[in-house]
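give me coordinates for this.
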Amino acid sequence: MTTKEVKRKLVAILSADVKGYSRLMGEDEKGTVRTLNTYKEVITSLIQHYHGRVVDASGDNVLAEFGSVVNAVECAVGIQKELKTRNAELPENRKMEFRIGVNLGDVIEDGEQILGDGVNIAARIESLADGGGICISGTAYDQVENKLELGYEYLGPQTVKNIAKPVRVYRVLRESGTFAPAEIIEQRIQFCTTSDGIRLAYSTVGEGPPLVKVANWLSHLEFFWVSPVMRHWGRELSKHNLFVMYDGRGTGLSDWEVESISPETWVHDLETVVDSIGLNRFILLGISQGGPTAIAYTVCHPEKVSHLILYGAYARGWAKMELPQDRIEELQTLAKLTEIGWGRDNPAYRQIFTSMFVPEATTEQMHSFNDLQRMSTSPQLAAKFWIEFGNVDVLDLLPRVKVPTLVLHSRHDAIISFEFGRQIAASIPGARFVSLESKNHILLENEPAWLQFVAEVRRFLGVEGNPSGSGPEI
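Residues are numbered from 1 along each chain as shown. Next up, the predicted model:
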């Protein structure tokens with residue numbers, strides 16, 4: 001007689017259930033099941049997003065395993081934050097709050113299931129959490145203590161059912177705002193059509209002097225406001241202004257079936273959006289490859305642009321420079337790599353892109369950036385964009401820019417050289433240049449360079465001490 005080998009492994013376990021589930025079912029069975037199914041879909045999606053696996057999701061319970069404790073705790077925080085946002089829209093007596101426990105422990109593999117004290121401890125400490133809260137074991141805490149920007153309260157050793165020894169338990173603090181619901185931005189999305197028949201999606205948010213952001217290849221109007229890489233840009237830019245942004249052809253909510261993509265069509269897209277809204281005078285913001293489009297538009301329509309802001313921009317693409325042949329081949333190879341790896345959930349590809357765009361990003365921000373790639377455009381169009389970025393050339397237009405201009409650039413930008421920003425500022429009459437101490441091409445919310453960017457833009461637009469702002473009118 002042979003004994004079946006027991007397979008064991010060390011994993012992070014997340015256990016969640018609904019607080020007061022029986023009461024909710026007793027008051028409104030159908031409504032509770034409907035909300036529960038929706039919330040479990042959200043939870044499952046977030047577990048997958050943080051590289052976990054749902055082991056069981058029967059009744060009001062969810063059990064998941066992760067290869068990383070950091071990912072498990074980040075996922076728990078993401079779940080509670082998202083559900084708090086959704087609960088804000090429900091009557092007080094219909095809010096559905098989950099309790100979550102996270103443990104790092106040894107488990108037994110039984111097919112697709114996991115068993116053992118590691119799972120039991122996660123379930124027991126989950127019961128110690130408040131509705132909408134998270135408790136983690138001491139073994140989990142030891143792994144995440146200095147890796148996440150969270151606060152913890154030590155609840156001491158807890159005696160839990162069917163576990164021989166007391167378990168150290170920590171509560172993840174909510175007072176720091178970790179679980180604050182995501183700010184709900186009510187943007188108005190509309191569509192317009194270019195002269196060559198391309199439907200473009202654009203949105204408006206806020207009040208005040210209009211500020212138009214030129215489209216980028218990383219663009220999706222809806223995802224922009226929830227992405228931890230981009231959402232702080234929208235919040236700041238709409239604080240004192242009517243903030244206008246749009247998805248360019250081939251990106252986001254605009255048409256992806258396009259025949260022509262070129263620097264000329266990008267200017268035409270901007271003209272179409274501005275004319276559709278009926279803007280007579282506005283602030284124009286060009287970020288990255290949106291910079292040369294903003295420059296070309298400003299020279300063509302100087303009467304419409306009151307202020308020009310350029311961040312991380314360039315005036316001449318790589319195909320227009322006299323580069324060595326090996327450098328040209330390297331950039332062409334990157335275009336091919338873009339087509340192969342764009343948006344793939346593969347560490348090798350992701351590391352290449354994230355290390356260039358946001359090298360100082362957190363794990364959550366890296367995941368979001370990867371999602372943004374997939375949602376923005378197709379791999380084929382992304383590669384085509386990369387080639388066309390190389391064909392940009394507005395260098396001769398720079399001396400013809402006659403509006404107040406602010407040029408900002410990250411000193412250690414790996415995507416667009418700092419020297420390109422200096423070149424633009426030196427060639428535009430009267431332009432002001434600001435150097436930002438950052439390695440990121442997209443400034444992240446918690447870095448000092450972002451605060452400097454905000455301060456410089458506010459000063460340039462004259463909104464300091466004037467909540468309503470000042471400047472152009474529609």
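
residues near K439, how many?
Number of residues near K439 (other CB atoms under 10 Å) recorded here: 16. For every residue, glycine as well, the C-beta is placed using N, CA and C.

hang on, it is in a strand, isn't it?
No: K439 is assigned coil when assessed by DSSP: H, G, I helix; E, B strand; the rest coil, not a strand.

what's the domain layout of the chain?
7-172, 188-461 (automatic domain parsing).

what ranges do the strands span in the stretch 101-250 of the chain?
Counting by DSSP state E, counting those that start in this stretch, the stretch 101-250 of the chain has strands at residues 113-115, 134-137, 152-158, 167-172, 188-193, 199-205, 210-213, 242-247.

now do the stretch 351-474 of the chain
For the stretch 351-474 of the chain, the strands defined by DSSP E, counting those that start in this stretch occupy 405-410, 432-436.

mean neighbour count, those strands: which tops it?
strand 405-410 (a mean of 24; mean count of other CB atoms under 10 Å).

just want the angle from that strand to strand 432-436.
Here strand 405-410 points in a direction 20 degrees away from that of strand 432-436 (axes from the mean of the first three to the mean of the last three CA atoms, to 10 degrees).

in this protein, spot the helix with the most residues.
helix 29-49 (DSSP state H).

so what's the model's average confidence on it?
Taken as a whole, helix 29-49 carries a mean pLDDT of 91.

and the contacts of it?
14, 16, 18, 21, 24-25, 53-54, 57, 60, 62, 64, 75, 78-79, 82-83, 86, 90, 94, 96, 98, 367, 371 (CB atoms under 8 Å, 6 or more residues apart in numbering).

taking the residues you listed, please make a ChimeraX selection of just the buried ones.
Selection of buried members from these for ChimeraX, criterion 16 or more other CB atoms under 10 Å:
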select :14,16,18,21,24,25,54,57,60,62,64,75,78,79,82,83,86,96,98,367,371
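
export the strands of the stretch 351-474 of the chain to CSV and tack on mean pLDDT?
Listed next are these as CSV, based on pLDDT from 0 to 100:
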stretch, mean pLDDT
strand 405-410, 98
strand 432-436, 97
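
nearest to I198, out of the ones you listed?
I198 lies closest, by CB to CB, to one member of the strands of the stretch 351-474 of the chain: strand 405-410, at 29.3 Å.

that closest one - contacts with which helices or strands?
For strand 405-410, the contact count by 3 or more CB pairs under 8 Å, 6 or more residues apart in numbering; DSSP states H and E identifies strand 305-311, helix 418-427, strand 432-436, helix 448-461 as packing neighbours.

mind listing what the most centrally placed residue in the chain touches?
Centroid check for the chain by CA atoms, centre = their mean gives S227 as the closest residue, at 2.3 Å. The contact partners of S227, taken as CB under 8 Å, 6+ apart, are S368, F369, D371, L372.

is there a neighbour count for the last one? I'd like the number.
By other CB under 10 Å, 21 other residues sit near L372.

try the first one
S368 has 21 neighbouring residues, counting by other CB under 10 Å.

ok, now how distant is it from V42?
16 Å (CB to CB, to the nearest Å).

and for A414, nearest residue in space, chain neighbours not counted?
Computed as CB to CB, 6 or more residues apart in numbering, the closest residue to A414 that is not its neighbour in sequence is M356, at 4.9 Å.

so what's the one you found scoring on pLDDT?
So M356 comes in at 83 (pLDDT).

same question, G291
97.

right, and it touches I424 too?
Yes: counting by CB atoms under 8 Å, I424 is a contact partner of G291 at 7.4 Å.

so what sits against both of the two?
L310, A313, Y314, A315.

so which of the residues you listed sit within strands?
If you go by DSSP state E, the shared contacts of G291 and I424 have L310 in strands.

filter the shared contacts of G291 and I424 down to just the ones in helices.
Per DSSP H, helices hold no members of the shared contacts of G291 and I424.

how much space separates the closest residue in space to L337 that isn't next to it in sequence from I415?
Distances taken as CB to CB, 6+ apart place I352 nearest to L337, at 6.9 Å, with adjacent residues excluded. Applying CB to CB, the value for I352 to I415 is 12 Å.

sounds good, over and out.
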